[in-house]
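**Q** this is a predicted model, with the sequence first.
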Amino acid sequence: MSGLLPILILLPLVGGIALLLFSRRGSESGSGGFWAISVALIALAISVVLTGVVSQEATAAKLPAAEGVAYATINPLVKYQPQWGSIEGPSGVSLQFALGLDGLGAMMALLTTSVVLMVLLFASRTVKQNFTSYAAWTLLAEAGLLTVFLSMDMVLFYVGFELALVPLLVLISVWGSGDSQRAAKRFVVFTLAGSVPMVLALIGIVWHYPVGGVTTLFEELSRRAATNLPAETLASQSWIFGLLVLGLGIKMAILPLHTWLPTTYSASHPTTTALLAAVVLKLGLFGFMRIALPLVPVACLEYGPLLLGFAGAFAIVYGALAALAQSDLRLLLAYSSLSHVGFITLGMFALNEEGIAGASLQMVNHGITTAAMFLLVGCLIERRGSSNITKAGGGLASLYPRLAVLLLFFVFAGAGMPGLNNFVGEVMALIAMMARHPTLTVISALGVLLGAWYSLRMAKDLLFGQLVKQKGDSDGANDLQTMEWAPLTALAIISLAIGCYPQPAIDLVKQDASRLAGIYSSLDGMAKTNSTAMVTPEASTPKLAIEEGR
């Protein structure tokens, strides 16, 4: 079964390259699109199989009975490390190449393959020029994204992290609209700005735990971090944490590093935006889960809950207020995404099991909801010629009943309606942060009310009121077609299933959340009982000094 891991990456990679060569020969027959969708469908099937295997392993596995947190915090349940997958260097330095899946990685791989298939299905109708080339670059982006989510070593993680952005740049600049060139340039500038601190942080982590030889494997690094925890001090990790916040914060559009997001979302093709918002925006969040939380825990505990917890709460309210001020659907959804990502950040840096599990689940929940919304916006633009709420006109429920029903469903899901998927993740994040910083929880709860306000107002302005017909409109004749409403209905069913019965999804990430939360439970205990855990008066910032042997 582990042999499926490289196949899952190579399938879209080879398929994308082949389609790109095919499109450059000047052929634009329907066969290119058919093969692209077939590749995406097979990739989805493989990710479903792997997720099932991981789910069974996660349910059957139990955390090792070890004292404290002296066990690997990153535990791939499906592993693939070929014999040729390492390069030996001087002075005991070795670079290892390993793939693996844990619960979080499996969920993100399943989300990626699902969204890419949806994107290609909708793009086959809405991308009028050179769809084969568009599909090729989309598959190449999928290969890079899957490399990130399946990698179990620093090298592959960074390679996938950066290479995934190259095809996205092409998708934005070539198939965008309006000022897409400017948006693409800004995307490049921010990407390059985040790459430098990112690679420095990764190198710093590798050299931070050199005992037993320098390694790049996540599992081994997390084991060393856990077993060396009593000897760790804040000073030894704070600079790495700062670099990670800069490098990963740009990818997750943390305030004030978010300015690339609205321009990119509004200028990209709606199907490209669906991929950006549903999956690409999660790269930084996934990086925090995979790297920062298990490998620099002392700094995360000291700075994370207040610094990034506040950033998350502020993003929730700021994003909701900014969304209220928008008349363009794409900008409204861009700021809405900023607000929803704030809930993920909030739950993650509550640093307890419920918060980490809720953040993991919400990464997928937001991906489902926002992908569906941007695909519906693309359908609306195709029919009304604009994403502006005023220009698109009101009363569309009478003209496009199927579109209206699905739009309302995902509006309710995005607003956190009980019984739908977003409600579960957001409530878990709020409850988790309440145990650590009640004030931040109260501020964040305001964002829930604002989110319902802008979501329902948008739906009212679009779907109800007086219908302003445009040339070519006829009642129901131009409503969603089967290839549009069928995949969106599938997403709606998944959303409803998670909202009504979230336990299988929670069980998938429960072991990973327990391992990570165990680190911070131990650190909290040390800070309370160890006399050496204190704020030093001469330091300019609080320091948690935990010395070995005390």
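**A** Okay, I see it. Numbers count the residues shown, from 1 in each chain.
**Q** low pLDDT regions in this structure?
**A** 25-30, 61-71, 83-95, 211-212, 229-232, 468-477, 526-550 (pLDDT under 70).
**Q** residue boundaries of the strands in the chain?
**A** For the chain, the strands defined by DSSP state E cover 78-80, 86-88, 94-96, 99-101.
**Q** ok, and what's touching the first one?
**A** If you take Cβ atoms under 8 Å, 6 or more residues apart in numbering as the criterion, strand 78-80 is touched by 1-3, 5-6, 50, 53-54, 57, 98-101, 152. No exception for glycine: its C-beta is placed from N, CA and C like everyone else's.
**Q** could you redo those as CSV and give each row neighbour count and distance to residue 308?
**A** CSV is the format used below for these (neighbours: other Cβ atoms under 10 Å; distance: Cβ to Cβ, whole Å):
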residue, neighbour count, distance to residue 308
1, 13, 36
2, 15, 34
3, 9, 38
5, 26, 31
6, 14, 34
50, 24, 31
53, 16, 33
54, 27, 28
57, 20, 31
98, 23, 28
99, 26, 29
100, 23, 26
101, 29, 26
152, 26, 25
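**Q** looking at those residues, spot the one nearest residue 76.
**A** residue 100 (2.7 Å; Cβ to Cβ).
**Q** for the closest one, name its beta-bridge partners.
**A** For residue 100, the beta-bridge partners are residue 79 (DSSP bridges).
**Q** wait, isn't it in contact with residue 152?
**A** Yes: with contact defined as Cβ atoms under 8 Å, residue 100 reaches residue 152; the gap is 4.0 Å.
**Q** mind listing the shared neighbours of the two?
**A** Common contacts of residue 100 and residue 152, defined by Cβ under 8 Å, 6+ apart, comprise 76, 79, 81, 219.
**Q** and those, which of them are in helices?
**A** Under the assignment DSSP state H, the shared contacts of residue 100 and residue 152 contribute residue 219 to helices.
**Q** circling back to that earlier point, could I get the contacts of strand 78-80 as TSV with distance to residue 250?
**A** Shown next, in TSV, are the contacts of strand 78-80 (distance: Cβ to Cβ, whole Å):
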residue	distance to residue 250
1	36
2	33
3	35
5	28
6	29
50	30
53	34
54	30
57	34
98	26
99	26
100	26
101	26
152	24
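**Q** farthest-separated two in those?
**A** Largest separation among those by Cβ to Cβ: 6 and 57, giving 18.9 Å.
**Q** got a list of contacts for stretch 256-269?
**A** Stretch 256-269 is contacted from outside by 123, 126-127, 171-172, 175-180, 182-184, 186-187, 189-190, 246, 249-250, 253, 273, 276-277, 281, 315, 328, 330-331, 333-335, 337-338, 378, using Cβ under 8 Å, 6+ apart.
**Q** flag every buried residue along it.
**A** Neighbour counts over stretch 256-269 (16 or more other Cβ atoms under 10 Å) mark 257-258, 260-269 as buried.
**Q** so who does the spatially most central residue of the chain touch?
**A** The centroid of the chain falls nearest to residue 282 when counting by Cα atoms, centre = their mean (1.8 Å). Contacts for residue 282 (Cβ under 8 Å, 6+ apart) come out as 108, 111, 252, 363, 367.
**Q** state the number of residues packed around the fourth one.
**A** Applying other Cβ atoms under 10 Å, we find 27 other residues in the vicinity of residue 363.
**Q** can you give me the helices in the stretch 451-550 of the chain?
**A** Assigned by DSSP state H, counting those that start in this stretch, the stretch 451-550 of the chain shows helices spanning 482-500, 503-529.
**Q** mind listing what's buried in the first one?
**A** What that stands for is helix 482-500. Residues of helix 482-500 classed as buried: 484-485, 487-489, 491-492, 494-495, 498-499 (neighbour count, 16+ other Cβ under 10 Å).
**Q** and that helix, what does it pack onto?
**A** If you count contacts as 3 or more Cβ pairs under 8 Å, 6 or more residues apart in numbering; DSSP states H and E, helix 482-500 packs onto helix 103-126, helix 353-384, helix 401-414, helix 421-434.
**Q** that helix vs helix 503-529, what angle?
**A** Relative orientation of helix 482-500 versus helix 503-529 (axes from the mean of the first three to the mean of the last three Cα atoms, to 10 degrees): 50 degrees.
**Q** quick one, what contacts the nearest residue to residue 508 once chain neighbours are set aside?
**A** Nearest non-adjacent residue to residue 508, counting by Cβ to Cβ, 6 or more residues apart in numbering: residue 103, 4.2 Å away. When contacts are counted by Cβ under 8 Å, 6+ apart, residue 103 is found next to 54-55, 58, 77, 360, 508-512.
**Q** for residue 165, same thing?
**A** If you count contacts by Cβ under 8 Å, 6+ apart, then residue 165 has 144, 187, 191, 280 around it.
**Q** would you turn the helices and strands packed on helix 482-500 into CSV with distance to residue 207?
**A** Shown next, in CSV, are the helices and strands packed on helix 482-500 (distance: least, Cβ to Cβ, whole Å):
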stretch, distance to residue 207
helix 103-126, 25
helix 353-384, 27
helix 401-414, 43
helix 421-434, 33
